[in-house]
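Asks: Prediction below, plus the sequence it came from.
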Amino acid sequence: MFKTPDGKEIFVIDGHVHFWDGSPENQANIHGKQFIDCFYAYHTGFSPKEELWPKEKFEKYSEDDLYTDLFIDGPDDMAIIQSTYLKDFYKNGFNTIERNAEVAKRYPERFIVNGSFDPRDGEKALEYIHWMKETYDIQGVKMYTAEWNGASKGWRLDDPDAYRCFELCEKLGIRNIHVHKGPTIKPLSKDAFDVSDVDYAATDFENLNWIIEHCGLPRLDDFTWIATQESNVYGGIAVALPLIYNRPRHFAEIMTELLFWIGEDKILFGSDYGIWTPRWLVERLWALQLPEDVVAGRGVELTDQAKEKILGLNAARLYGIDVESKKKQLSGAPVQIAAE
């Protein structure tokens, strides 16, 4: 639970968390090393010095590290673990639903586990969606449109095979579609993360919620125009938020644009753990005051009410979480590391 300087308790749902294995032992080829090295460059380039991890821990942190950083030392009340497979790069996958579900099994009151699928797998993708729903009762999935699959180095949300998968998601009640549309990660292609396909999918699947992670950066302008006309498109600020440390004015400009175009009800907090830990991000976001010259003429404010929505209430609405009931449940189950 995060407490503001004046003592108010803010319910925090970390909407973008990973539990990965990027260790050399799991790397299938040079691309696995390139990928985790690129992540580590983001970590070292946009973190306060006191928050830096050694490379070995960053490549493969433990379940206890995850839980401690989020819920004991960190301000999170709940976290959504997003799955990213990358099996062309990692022998056992990078961040699979099976790996994520194991840690969530220890702390079911704290975690929501999302799945993932690759529409390029055809009928197998449909079978896999059924399996994830039956096995884990997932409410959401994470899409990685630049992921490699054999000779293919990317796909689009409006591909016919993708539409078949989204039709099945809608039928099964998997309503929250998180999509990485942000900075590229070596060796993936930046163009494969282009946001233009969001426009088609969101229009054609109005009963699904499209949470565009990293708010389309560096294509913020394109994203905001799409998200303005599509009521079911949301912006996740993971990756954008760490800019608050060493590029605070740029982050203020990003937040101002998001508030102006899509509003405080459609912005979701995410730490992108383990690239960053959530405490310093939440503290700096709560303390943020948008510069007057940045917001001038736009008629927007980043109020405490808006921050509370961004930090947890918006995600709670999408995932059907009764915040007051969850607070009572968590108050009866203090944060602690479970016995092995």
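Replies: Cool, got the structure.
Asks: Strands of the stretch 1-150 of the chain, start to end?
Replies: 2-3, 9-10, 13-17, 78-81, 111-113, 140-143 (DSSP state E, counting those that start in this stretch).
Asks: Most tightly packed of these?
Replies: strand 13-17 (a mean of 28; mean count of other CB atoms under 10 Å). In short, each C-beta sits where N, CA and C put it, glycine included.
Asks: distance between it and the chain's centre?
Replies: 6 Å (CA atoms, centre = their mean, to the nearest Å).
Asks: Equivalent analysis for stretch 33-40, please.
Replies: 18 Å.
Asks: got the buried residues for that stretch?
Replies: 33, 34, 35, 36, 38, 39, 40 (16 or more other CB atoms under 10 Å).
Asks: what does stretch 281-294 give?
Replies: So, applying 16+ other CB under 10 Å, buried residues of stretch 281-294: 281, 282, 284, 285, 286, 288, 290.
Asks: The fourth one reaches residue 307, doesn't it?
Replies: Meaning residue 285. Yes - assessed by CB atoms under 8 Å, residue 285 is found in contact with residue 307 at 6.4 Å.
Asks: which residues does the residue of the chain positioned farthest from its centre contact?
Replies: Distance from the centre of the chain peaks at residue 297, with 31.1 Å (CA atoms, centre = their mean). Listed by CB atoms under 8 Å, 6 or more residues apart in numbering, the contact set of residue 297 is empty.
Asks: What is the neighbour count of residue 49?
Replies: By other CB atoms under 10 Å, the residues close to residue 49 number 6.
Asks: likewise residue 239?
Replies: For residue 239, using other CB under 10 Å, the count is 22.
Asks: How about residue 123?
Replies: By other CB under 10 Å, the residues close to residue 123 number 9.
Asks: Looks to me like the residue farthest from the centre of the chain is in a strand.
Replies: No - with DSSP: H, G, I helix; E, B strand; the rest coil as the criterion, residue 297 is assigned coil and is not in a strand.
Asks: Can you read off the pLDDT for it?
Replies: On the pLDDT scale, residue 297 is placed at 89.
Asks: and it, how far is that from residue 10?
Replies: 30 Å (CB to CB, to the nearest Å).
Asks: related to what we said a few turns ago, quick one: which of the strands of the stretch 1-150 of the chain is nearest residue 50?
Replies: strand 2-3 (18.9 Å; CB to CB).
Asks: Which elements pack onto the closest one?
Replies: strand 9-10, helix 278-287 (3 or more CB pairs under 8 Å, 6 or more residues apart in numbering; DSSP states H and E).
Asks: Touching the shortest one from outside, list them.
Replies: Which is strand 9-10. Strand 9-10 has contacts (CB under 8 Å, 6+ apart) with 1, 2, 3, 4, 75, 286, 307, 308, 311, 312, 327.
Asks: I'd like the buried residues of stretch 33-40 as CSV, with distance to residue 67 and pLDDT appended.
Replies: Converted to CSV, these look like this (distance: CB to CB, whole Å; pLDDT from 0 to 100):
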residue, distance to residue 67, pLDDT
33, 27, 98
34, 29, 98
35, 25, 98
36, 21, 98
38, 26, 98
39, 20, 97
40, 22, 98
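Asks: Restricted to helices, list those residues.
Replies: Counting by DSSP state H, the part of these found in helices is 33, 34, 35, 36, 38, 39, 40.
Asks: Residue 222: which of these is nearest?
Replies: Distance to residue 222 across these (CB to CB) is lowest for residue 38, with 23.0 Å.
Asks: Got phi/psi on the closest residue in space to residue 99 that isn't next to it in sequence?
Replies: In space, and not counting its chain neighbours, residue 99 is closest to residue 19: 6.0 Å by CB to CB, 6 or more residues apart in numbering. Main-chain dihedrals, residue 19, degrees, to the nearest 10: phi -130, psi 90.
Asks: cool, residue 235 as well?
Replies: Residue torsions, per degrees, to the nearest 10, at residue 235 are phi -120, psi 120.
Asks: For the stretch 201-340 of the chain, just list every one of the helices.
Replies: Counting by DSSP state H, counting those that start in this stretch, the segments of the stretch 201-340 of the chain that form helices are 220-229, 243-246, 248-261, 278-287, 292-295, 304-308, 314-318, 323-331.
Asks: May I see the ones you listed arranged in a markdown table, with distance to residue 159 as well?
Replies: Shown next, in a markdown table, are these (distance: least, CB to CB, whole Å):
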| stretch | distance to residue 159 |
| --- | --- |
| helix 220-229 | 18 |
| helix 243-246 | 32 |
| helix 248-261 | 27 |
| helix 278-287 | 34 |
| helix 292-295 | 38 |
| helix 304-308 | 36 |
| helix 314-318 | 25 |
| helix 323-331 | 37 |
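Asks: In this structure residue 126 contacts residue 164, no?
Replies: Yes - assessed by CB under 8 Å, residue 126 is found in contact with residue 164 at 6.6 Å.
Asks: okay, the closest residue in space to residue 88 that isn't next to it in sequence: pLDDT?
Replies: For residue 88, ignoring the flanking residues on the chain, the nearest one in space by CB to CB, 6+ apart is residue 148 at 4.4 Å. Looking at residue 148, its pLDDT stands at 97.
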